[in-house]
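Asker: predicted model and sequence follow; I will ask about them next.
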Amino acid sequence: MSHTRPVQVHFDDLDAMGLLHNARYGVLVERAISAFWAELGWHFDPARSRFKDVFLAVREFQITYHVPIMGVGEPLVQFWIEHMGTTSGVYGFRVLSPDGETVHAEGRRVNVNLDPATLRPTPFTDETREAAAVLVT
């Protein structure tokens, strides 16, 4: 199942032509996914987080651009989990127009759960897997 949420494009996200700068699409995806997990109680500070898995790194980020976003506004980011492995998860995503009709960009992002002491991949906890299940397609 996927989750869709609005994100903000601000004036300083635009390039000299008034288009959303290509590097900012990844930021929009990050904001949408982070907000989803924050609502579930995730926090980067282990003392404040509901989850033990708080040290995640992006291993891969792939994006294909289709139609530029022009100007400020509130596009949608739709995301889901294509695969939940032992130590990594693969998100699929689409950046959509506010009405959901136009696909501006789409891609995938791979996150790896790291042990903060060793910086080596470590298995996701059952609690994280259970929370992520609503996104797994």
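Answerer: Cool, got the structure. Bear in mind the structure is a predicted one, so any value in this text is a computation, not a measurement. Numbering: from 1, shown residues only.

Asker: what's in contact with stretch 12-26?
Answerer: Residues outside stretch 12-26 that contact it (Cβ atoms under 8 Å, 6 or more residues apart in numbering): 9, 27, 61, 63, 65, 68-72, 95, 104-105, 109. For glycine as for every other residue, the C-beta is placed from the backbone atoms N, C-alpha and C.

Asker: among those residues, who's most crowded?
Answerer: Neighbour tally across the contacts of stretch 12-26 (other Cβ atoms under 10 Å): the maximum, 28 neighbours, falls on Val95.

Asker: next one: it relative to Gln8, how far apart?
Answerer: Distance, Val95 to Gln8, using Cβ to Cβ, to the nearest Å: 13 Å.

Asker: then Phe124?
Answerer: From Phe124 to Gln8 the distance is 30 Å (Cβ to Cβ).

Asker: burial measure for Glu39, as a count.
Answerer: 9.

Asker: show me the shaky parts of the chain.
Answerer: The chain contains no residues with pLDDT under 70.
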